[in-house]
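Student: the following comprises the amino acid sequence and a computationally predicted model.
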Amino acid sequence: MNMKSGSLLPKAQQRAPVPWASSSSKRDGGSTTESEATAAVRKAIRTQGWSGIALPRELHIGVYEFVNPVWCLKPPLPSPLSRAVVQHHSELVIDCSITRQRTFWQRMTPQTAYELGKQMINLKCLIHRYPRTPDGAPGVTAGCHVSAFGWCLGIVIGFVEGHVVGRRLAREKEGPATALAAGSLRSLIFEPVAIPNLGRHEAVQLGTIKSAPPSAAPSHPINLPALTEVNGVTQAHFLIDGRGWTTPDLKRLLSSASMIAPIKTFIKTTNSLTDLTVPSMPPPEMAELLDYIPLGQRGSPGPLANLRKISGIKLYEILPTDACRDGLQKCLVDRGCFKSLDDLCFIVDRSDCHSLLLNDYATFKALASLIDTTCSPSGKVTFWFRSSGQEVRDIPLTHMVAHTRFGKVPNCSSIILNALLKCYNLRTRRHDVTGGPLDSPQFIEGAPPAAYHYVWTIAQDQVDRPQNGPIDLSMDDKLLFGGCGPTRTSCSISIACAGGWRPPTGAIPPEPPELEAFSSIGLDAVKTLVVEHRLGLGAAKMMLNKCLRLESLELMGMSASDALDLLSCVHEDRIPEKLTLEYSHQEGGQQLSVLTVKQRLKKVKTFHIKGASETEIRQVLVNGCRGDVNRLILG
């Protein structure tokens with residue numbers, strides 16, 4: 001454990017610590033407590049053999065007081081010696097990593113910590129290092145840890161509350177002319193330390209040791225006017241709530257807990273918050289947390305006027321109505337946070353981002369409105385895409401183009417849209433991304449997949465689509481596949497009917513206007529196209545008219561004439577080398593006409609034919625495949 005107060009200078013140049021006794025008592029020859037403290041220090045120096053060092057007696061005392069940590073002091077505590085020592089220290093580290101220190105703190109009572117805190121009147125930084133299990137600990141899931149958040153937390157609380165009382169008493173002794181500021185404690189830091197061979201059961205036990213605060217609640221508010229930073233808030237800090245702590249100048253809070261109770265303890269009295277970072281908190285809970293900060297007086301800037309960073313808003317595994325309801329935006333604006341955020345971070349999941357944000361107009365609009373209202377025009381909006389542990393398969397392409405049917409959205413929507421699309425290996429043309437200087441970087445956990453597979457789903461609403469009309473011309477020719485990462489990744493598209501939906505007999509294959517959103521070169525990365533039903537012919541034709549450069553084309557659930565009609569949309573030079581045809585027959589077993597495409601199959605190298613008779617296959621090969629088919633697969 002380290003106890004620091006700055007570099008040592010010659011005695012004449014040292015900045016004297018805040019005195020315990022008043023100046024009047026010094027003029028009277030010094031107080032009894034001062035004499036006892038000095039005598040105790042001299043005795044300790046003699047015991048440790050320091051008296052043999054060639055230094056003036058006064059410097060002996062000063063050096064001893066500066067370099068001796070609390071955990072080296074002998075009980076009983078507090079004592080005259082501790083009074084002389086701890087007032088010089090500006091940093092206190094309560095550390096579990098060294099056995100000797102861990103034993104010392106575990107034997108201390110919260111009340112003793114409180115009494116020592118009253119003597120530690122120059123404290124600026126308190127660091128609490130609590131135990132956690134190491135990597136691979138027995139009984140702990142791989143990649144996870146068990147932390148003893150409550151270990152000696154009562155000691156921490158005792159020191160802080162004692163420090164506040166001791167400093168107040170020192171100011172009162174100085175009188176109205178005191179130069180001593182109301183507070184000195186600037187930062188509270190809580191950090192886990194891996195303890196070798198610590199298992200789950202032992203960690204849970206350690207978490208209960210000296211976790212309770214002093215039994216008596218403070219009789220006066222615990223005012224911490226100098227506290228500007230709290231780093232590493234844990235779930236155990238709810239124990240502080242209700243003890244009267246006030247943090248009017250708190251600027252930066254970083255939490256390892258996502259619960260409201262421990263965080264509100266520190267922020268509910270601040271008027272200066274600039275940075276709020278939590279692991280992940282849904283918008284409704286974030287609004288509930290910030291609601292604990294009272295509204296400012298009418299005409300004042302507001303308690304959140306200085307807020308510049310919010311990190312950790314969770315946008316996954318929640319209901320669409322909760323994704324960005326107006327409550328969070330109103331809560332921020334009512335407290336003075338209006339177009340002032342420089343850094344806003346959202347956490348999303350690839351497994352549901354497409355349905356939660358890209359496919360729901362109300363949710364997307366609320367998200368864009370929140371960003372547009374609270375962020376500075378030159379700010380940064382970060383989307384962190386987490387991995388749910390499962391590869392995203394069958395990406396719904398209908399969700400990727402749902403924005404073409406959205407109504408009016410804020411100006412920053414194109415930047416947000418592009419950031420979300422990139423998660424699925426899509427993007428909009430660079431010159432179509434507008435929204436001022438607002439920056440929106442993306443971070444995606446894990447390695448990107450080797451290939452992306454998309455599904456265009458046909459449902460009843462698409463069959464009825466003509467009544468909805470085309471998309472706005474401003475949406476045409478904008479989207480592109482691939483090219484978002486370090487390498488161009490190949491893509492495949494399947495066109496299928498919605499699960500459980502039985503298309504009506506004679507339904508006309510729809511040509512979805514939303515597909516016009518893809519640019520003329522936007523489908524270059526698509527190498528495989530699978531059409532699973534004849535109702536997919538309309539969508540397939542629209543894609544093929546974009547000059548796809550396919551390597552494989554698979555046609556199923558359609559007649560030979562349907563397949564021929566679709567192949568006629570493909571330029572001879574762009575017929576894929578791999579072609580799969582699965583024949584469909586009319587009801588009653590009557591076979592349809594044979595597929596004869598003459599020169600169109602001359603580039604095919606692998607030909608897979610399913611469901612055809614021997615005669616049909618022979619005619620296809622004789623009349624259609626005039627090139628060199630390297631591989632023929634039947635059945």
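Tutor: Perfect, thanks for sending it. Numbering: from 1, shown residues only.
Student: spell out the residue ranges of the helices in the stretch 51-200 of the chain.
Tutor: Using DSSP state H, counting those that start in this stretch, the helices of the stretch 51-200 of the chain run over residues 57-67, 80-86, 99-107, 110-119, 153-174, 200-206.
Student: and the fourth one, what's buried?
Tutor: What that stands for is helix 110-119. Of the residues in helix 110-119, 110, 112-119 count as buried by neighbour count, 16 or more other Cβ atoms under 10 Å. Glycine gets a C-beta too; all of them are placed from N, C-alpha and C.
Student: how's this protein carved up into domains?
Tutor: Domain segmentation of the chain under automatic domain parsing yields 304-446, 465-634.
Student: mean pLDDT for these: which is lowest?
Tutor: With a mean of 77, domain 465-634 has the lowest mean pLDDT of these.
Student: list just the nearest of the buried residues of helix 110-119 to Ile458.
Tutor: Among the buried residues of helix 110-119, Pro110 lies closest to Ile458 (Cβ to Cβ), at 67.5 Å.
Student: correct me, but that closest one touches Ala212?
Tutor: Yes. With contact defined as Cβ atoms under 8 Å, Pro110 counts as touching Ala212 (6.9 Å).
Student: any chance of the helices of the stretch 51-200 of the chain in TSV, with distance to Pro441 too?
Tutor: Shown next, in TSV, are those (distance: least, Cβ to Cβ, whole Å):
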stretch	distance to Pro441
helix 57-67	46
helix 80-86	46
helix 99-107	42
helix 110-119	44
helix 153-174	37
helix 200-206	37
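Student: dump those helices to TSV, plus distance to Phe607 and mean pLDDT.
Tutor: Below are those laid out as TSV (distance: least, Cβ to Cβ, whole Å; pLDDT from 0 to 100):
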stretch	distance to Phe607	mean pLDDT
helix 57-67	86	54
helix 80-86	87	78
helix 99-107	74	95
helix 110-119	81	95
helix 153-174	72	96
helix 200-206	60	95
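Student: closest to Ser255 out of those helices?
Tutor: helix 153-174 (15.2 Å).
Student: quickly list what's touching both of Pro110 and Ala212.
Tutor: Listed as contacting both Pro110 and Ala212 by Cβ atoms under 8 Å, 6 or more residues apart in numbering are Gly154.
Student: follow-up on the earlier one: most tightly surrounded among the domains of the chain?
Tutor: domain 304-446 (a mean of 19; mean count of other Cβ atoms under 10 Å).
Student: chain center to that domain, what's the gap?
Tutor: 13 Å (Cα atoms, centre = their mean, to the nearest Å).
Student: now do stretch 462-481
Tutor: 34 Å.
Student: and what of stretch 98-117?
Tutor: That offset, for stretch 98-117, works out to 36 Å (Cα atoms, centre = their mean).
Student: repeat for stretch 116-127
Tutor: 34 Å.
Student: hmm, Ile347 is touching Ile310, no?
Tutor: No. Taking Cβ under 8 Å as the definition, Ile347 is not a contact partner of Ile310, at 11.7 Å.
Student: what about the strands in the stretch 151-300 of the chain?
Tutor: Remark: strands assigned in the stretch 151-300 of the chain by DSSP state E, counting those that start in this stretch are 187-194, 222-223, 229-233, 245-246, 252-255, 275-281.
Student: enumerate every residue touching the closest residue to Pro279 other than its chain neighbours.
Tutor: Excluding the flanking residues, the one nearest Pro279 by Cβ to Cβ, 6 or more residues apart in numbering is Ser258, at 5.1 Å. Listed by Cβ under 8 Å, 6+ apart, the contact set of Ser258 reads 278-281, 285, 312, 314.
Student: thinking again about what came up before, of all the strands of the stretch 151-300 of the chain, which lies closest to Val204?
Tutor: strand 187-194 (14.4 Å).
Student: so for the closest one, what's the average pLDDT?
Tutor: With pLDDT averaged residue by residue, strand 187-194 scores 98.
Student: contacts for it, please.
Tutor: By Cβ under 8 Å, 6+ apart, strand 187-194 touches 95-97, 124-135, 145, 147, 160, 227-234, 237, 256.
Student: from the residues you listed, list the buried ones, please.
Tutor: 95-96, 124-133, 145, 147, 160, 227-228, 230-234, 237, 256.
Student: partners of the helix or strand in which Asp342 is found, with directions?
Tutor: According to DSSP states H and E, Asp342 maps onto strand 341-349. If you go by DSSP bridges, strand 341-349 pairs up with strand 309-315 (parallel), strand 375-386 (parallel).
Student: enumerate every residue touching Gln250.
Tutor: Small correction: residue 250 is Leu, not Gln. 227-230, 266-267, 269-270, 272-273.
Student: could you rerun that using 7 Å?
Tutor: 227-228, 230, 266-267, 270, 272-273 (Cβ atoms under 7 Å, 6 or more residues apart in numbering).
Student: how about Ala261?
Tutor: With Cβ under 7 Å, 6+ apart, Ala261 has these contacts: 238, 241.
Student: could I get the pLDDT score of the nearest residue to Ile157 once chain neighbours are set aside?
Tutor: Closest residue to Ile157 apart from its sequence neighbours, by Cβ to Cβ, 6+ apart: Pro213 at 4.1 Å. The score at Pro213 is 96. That number is its pLDDT.
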